[in-house]
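The sequence and its predicted three-dimensional model are supplied below.
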Amino acid sequence: MIHLLIYSLVAGIVAALLVVPLHRPVLAKEKESHSSSIRIISLISATVLITLAISLCYYMTNLDQHWSSLWVLLLVAAILGAVLDGGMYRKAKGIVALLSIFAGIYILSAPLWNADTKYKVVEMDQQVEIEAFDETKTPASVPPKFARNKMKKAFGQVPNTSYYDLGHLQIQKVKDDYVYIAPVEFSGFFKWWNGKTTPGYFRMSATNSADNPKFVASEMTYTETSYFNKQVDRHMRLKYPELIFYGDVQLEIDDNGNPHYIRSYGKFITARNGFDVKGIVMTDPMTGAVEKFALKDIPDYIDGAVSPEAVSLQNSYFGKYIHGFWNSIVGKKDVKLPSDEGTEANVSPIFDENGHMYYFTDFTSPKEGVDSMLGYALTDGRTGKATYYTGDLEESYMDSQGALQIIEKKFIEKKWSGEMPVLYNFYGEASWLTPVLDSNGFLQNYFIVSAANPEISVFGNSPNDALKLYKTALQRGGSSVDGSSEATEAKAAVTVKRVYKERAGDFTLVSVKSTDGRNFIVSSETIPEAVYIQEGDKLSITYIETGELFLPVKELANMSLTE
């Protein structure tokens, strides 16, 4: 707070000296002492008024207190001073006004000439395809809208319920669990005045839609909906007045269940334009203790150090400015637009098999009516480093909007819709996994559709149920199935009790039930001689122990054919 007052006072003194006329003939033809008194009183009065106005403005807006943010004030004050004053003072203030105009032109025109710099700052590594998903794992695919609905219905767990509302939803990993976190926030000024602190936050599984939200008691004084110096983003600003913040504050939970508010900070790319993330500021919501961390030093339990707003901004730089600013407006050569289907600031947080969080975004063509995906990006939530995946260039991938349109047509009578489409590599096939919600926001099923072959699609009650059906659908569609799970290989000698053969495009899908009760599935695409299997045959097989009802066969030898 002291920094804000000093900053405002210095700015107020400078602005007052510019605005108040200092040339004696302009004031009045009176005694010298009287003229000096008028001048001093005018300067003091102008300084006080301008200082109060600046303090109030910066306090209310939480704007950074960097000198470059004062250029508009200096411009207005210098122009007024040049008009009101005379003599050498008019010339001096005219020069200040001219310099302020140049500063304004420099700042306002920055987007026209710094596009190349923006692109270089966010330029991504490029690869073809992401690694295949481990089908024995469960993706964090509970949609936030559904999780939020369940938390609202569980709001009765909160003490003095009428004082509070549900805050912003945030996904993260706590220990080995993927969970949604949402703080309890004040519902208005008088509720804050009477309550002073919020009672805690809600927690719910991000992988199990059947999980019920649990309220965790943890008092918080500094929150998003507190007022005055207790508002957490203002509290951060007062501690670090010159830092450049971008994005909203987010609640992160450590492994002991203690809440922490974080916010990304960085620097302008040029002038006061663009943003390059450098670290986080973290606040203890109970004590108000504030710490600053560079990205390389952030605590291990922080998943989203880079705000989704910052990632969305970086995606726009990468997609638009590949050949500069004017190309993004006129020619649009190689321009690609990031999707707006993400769950947080147009991006969707996802986790890899190691529990590391990334922000997913797909890119599409700027041409209207085109739903072909040009590529997709994954941005590391802790470092901000991003990788752009082109996909198989010999195939045309459907974008996230196209996947949502398929779901809408599939369930048009029920008026169900998709939310949070994310592209995965399932069995070597680029595929969209999308939760399907009814009109009330309740989860109905999970829909998987091939990005390259939209006619191949399935839905199931859970992501893993849908994955099992999807494997069969791919085999029926003639696609090769490349499993990627960490499940171990196993060998077995079995006798065929039943066999079922089904034509799947150019190949045959063979399902085998052994006398010991186990089921196996194999395609003639991978093992052509599987078409000769019949009841009573003795088989020596190598299969993947995935835990599924039908275990995928990797190698097979029909011993009955060699007898």
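Looks like it arrived, so ask away. Please read these numbers as outputs of a predicted model, since none were measured by experiment.

now L469: how far from F550?
Note on L469: its distance to F550, by Cβ to Cβ, to the nearest Å, is 11 Å. For every residue, glycine as well, the C-beta is placed using N, CA and C.

Looking at those two now, which is surrounded by more residues?
The neighbour count for L469 versus F550, taken as other Cβ atoms under 10 Å, is higher for F550 (18 against 15).

Not counting residues beside it along the chain, what's closest to the more buried one?
Among residues not flanking F550 along the chain, I521 sits closest, at 4.1 Å (Cβ to Cβ, 6 or more residues apart in numbering).

what are the bridge partners for the one you found, then?
In this entry, I521 is beta-bridged to S511, P552, by DSSP bridges.

Just to check, it is in contact with L556?
No - with contact defined as Cβ atoms under 8 Å, I521 does not reach L556; the gap is 11.0 Å.

Helix or strand with the lowest mean pLDDT in this protein?
When the helices and strands of the chain are scored by mean pLDDT, DSSP states H and E, helix 24-27 comes last with a mean of 55.

Enumerate the positions of the helix or strand that comes right after it that are buried.
For helix 24-27, the following helix or strand on the C-terminal side (DSSP states H and E) is helix 32-61. Buried residues in helix 32-61, counted by 16 or more other Cβ atoms under 10 Å: S35, S42, L43, A46, T47, I50, T51, I54, S55, Y58, Y59.

Return the distance of stretch 545-556 from the chain's centre.
37 Å (Cα atoms, centre = their mean, to the nearest Å).

I'd like the numbering to begin with 31 instead of 1 from here.
Yep, numbering from 31; the last one is stretch 575-586 now.

Other residues contacting that stretch?
Applying Cβ atoms under 8 Å, 6 or more residues apart in numbering, the contact partners of stretch 575-586 are 165-166, 498, 501-502, 511, 513, 515, 517-520, 541, 548-552, 556-557, 559-560, 569-574.

what about A482, distance to L539?
Taking Cβ to Cβ as the measure, A482 falls 20 Å from L539.

Pretty sure Q261 sits against T251.
No - assessed by Cβ under 8 Å, Q261 is found out of contact with T251, at 10.6 Å.

more neighbours, the two?
Taking neighbours as other Cβ under 10 Å, Q261 and T251 compare with Q261 leading, 19 against 16.

Measure how buried the nearest residue to that one once chain neighbours are set aside is and give me the count.
Spatial nearest neighbour of Q261, chain neighbours left out: E254 (7.1 Å); criterion: Cβ to Cβ, 6+ apart. Using other Cβ under 10 Å, E254 has 20 neighbouring residues.

neighbours around M266, how many?
26.

give me the element M312 is part of.
Applying DSSP H and E as the criterion places M312 in strand 306-313.

So in that sheet, which strands flank that strand, and in what orientation?
Note on strand 306-313: by DSSP bridges, its sheet partners are strand 289-297 (antiparallel), strand 320-324 (antiparallel).

chain center to the first one, what's the gap?
The gap between the average C-alpha position of strand 289-297 and the chain average comes to 14 Å, counting by Cα atoms, centre = their mean.

would you put the C-alpha positions of it in PDB?
The C-alpha atoms that make up strand 289-297 are tabulated as PDB, following Å, rounded to 0.1, in the frame of the first residue of the first chain:
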ATOM      1  CA  PRO A 289      -5.300 -24.600  -0.300                       C
ATOM      2  CA  HIS A 290      -3.100 -22.000  -2.000                       C
ATOM      3  CA  TYR A 291      -4.000 -19.300  -4.500                       C
ATOM      4  CA  ILE A 292      -1.600 -18.800  -7.400                       C
ATOM      5  CA  ARG A 293      -1.400 -16.400 -10.300                       C
ATOM      6  CA  SER A 294       1.000 -16.300 -13.300                       C
ATOM      7  CA  TYR A 295       3.300 -13.400 -13.800                       C
ATOM      8  CA  GLY A 296       5.700 -12.500 -16.700                       C
ATOM      9  CA  LYS A 297       6.800  -9.600 -18.800                       C
END
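
Flag every buried residue along that strand.
For strand 289-297, the buried set under the neighbour-count rule, 16+ other Cβ under 10 Å, comprises P289, H290, Y291, I292, R293, S294, Y295, G296.

what is the third one paired to in the beta sheet?
With DSSP bridges as the criterion, Y291 is bridged to L281, T313.

Enumerate every residue touching the nearest residue to Q564 once chain neighbours are set aside.
Spatially, and ignoring its direct neighbours in sequence, Q564 is nearest to V529 (6.1 Å; Cβ to Cβ, 6+ apart). V529 makes contact with V540, S541, V542, K543, I563, Q564, E565, according to Cβ under 8 Å, 6+ apart.

Would you check that the second one makes contact with S553?
Which is S541. No - using Cβ under 8 Å, S541 makes no contact with S553, being 10.4 Å away.

what about the nearest residue to A301 once chain neighbours are set aside, neighbour count?
With Cβ to Cβ, 6+ apart as the measure, A140 is the residue that lies nearest to A301, at 4.0 Å, once sequence neighbours are left out. By the measure other Cβ under 10 Å, the count of residues near A140 is 19.

same check, this time on the one 10 residues further on
Residues lying near K150 (other Cβ under 10 Å) number 11.

now for the helix or strand hosting it, which elements pack on it?
Element membership of K150, judged by DSSP H and E, is helix 145-152. Packing partners of helix 145-152 (3 or more Cβ pairs under 8 Å, 6 or more residues apart in numbering; DSSP states H and E): helix 338-350.

chain center to the helix it packs on: distance?
Counting by Cα atoms, centre = their mean, helix 338-350 comes out at 10 Å from the chain centroid.

and it, what other elements does it pack with?
On a contact count with 3+ Cβ pairs under 8 Å, 6+ apart, helix 338-350 meets helix 145-152, strand 367-368, strand 387-394, strand 402-410, strand 416-419.

Of these, which is nearest G124?
Closest approach to G124 among the helices and strands packed on helix 338-350 (Cβ to Cβ): helix 145-152, 33.0 Å.

All the helices of the protein, residue numbers only.
For the chain, the helices defined by DSSP state H occupy 32-49, 54-57, 62-91, 101-114, 117-138, 140-143, 145-152, 174-183, 219-225, 262-269, 338-350, 355-359, 430-440, 493-506.

still on that earlier bit, now for the strands paired with strand 306-313, which one comes closest to V466?
strand 289-297 (31.9 Å).

could you give the angle of the closest one to helix 262-269?
50 degrees (axes from the mean of the first three to the mean of the last three Cα atoms, to 10 degrees).

orientation of strand 289-297 relative to helix 338-350 in degrees?
Relative orientation of strand 289-297 versus helix 338-350 (the same axes, to 10 degrees): 40 degrees.

Now for A247: which residues touch it?
Contacts for A247 (Cβ under 8 Å, 6+ apart) come out as P229, G230.

now it: how far from W223?
Remark: distance between A247 and W223 (Cβ to Cβ) = 22 Å.

try F441
Computed as Cβ to Cβ, the F441 to W223 distance reads 47 Å.

Show me which of these two is the more surrounded one.
F441 (18 against 10).

Tell me if I'm right that that one and L467 touch.
No - using Cβ under 8 Å as the test, F441 is too far from L467 to be in contact (10.0 Å).

Quick check: neighbours shared by those two?
Common neighbours of F441 and L467 (criterion: Cβ under 8 Å, 6+ apart): S447.

D195: which of the strands paired with strand 306-313 is closest?
Closest among those, once you apply Cβ to Cβ, is strand 289-297, at 16.7 Å.

Quick one: mean pLDDT for that closest one?
Averaged across strand 289-297, pLDDT comes to 97.
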